[in-house]
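> can't give you the sequence, but here's the structure:
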């Protein structure tokens, strides 16, 4: 998946922070953290004040500009063919990120 393969609508939605939590993405075009280019992740949230997406990877969360994320091919397939009975095979990075995003928030109070 490349940015060139994205439709104008997808780019508008991405750039305005409309991609939802749980959207599978690939990181691309990172200049400061090149080691993350090509990594799979899952959008956790849009940080409007920073104008960046928070993306969960297997071992950490990163904040990236919209232009640094593209739809993961599996996300594109899932959106185009949803019938409710599909199986999706996702990378280890995406699996870990999805598990982490589904985990309950840790409580800062003990003995509730």
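Received it, and whenever you're ready, just let me know what you need. As the structure is a computational prediction, the values presented were derived from the model and not from experiment.
> From here on, just use CA atoms for contacts and neighbour counts.
Will do.
> Tell me how many other residues crowd residue 44.
When counting by other CA atoms under 10 Å, one arrives at 25 neighbours for residue 44.
> Can you pull out the low-pLDDT segments for this protein?
Scanning the chain for pLDDT under 70 picks out 1-4, 81-91, 94, 97-98, 100-112.
> at 50 what do you get?
1-4, 106-109, 111-112 (pLDDT under 50).
> So which residues of it form helices?
According to DSSP state H, the chain carries its helices in the segments 8-15, 73-81, 92-102.
> highest average neighbour count across those?
helix 92-102 (a mean of 18; mean count of other CA atoms under 10 Å).
> Look through the chain and tell me its longest strand.
strand 40-47 (DSSP state E).
> Buried residues, it. List them.
Within strand 40-47, the residues that qualify as buried are 40, 41, 42, 43, 44, 45, 46, counting by 16 or more other CA atoms under 10 Å.
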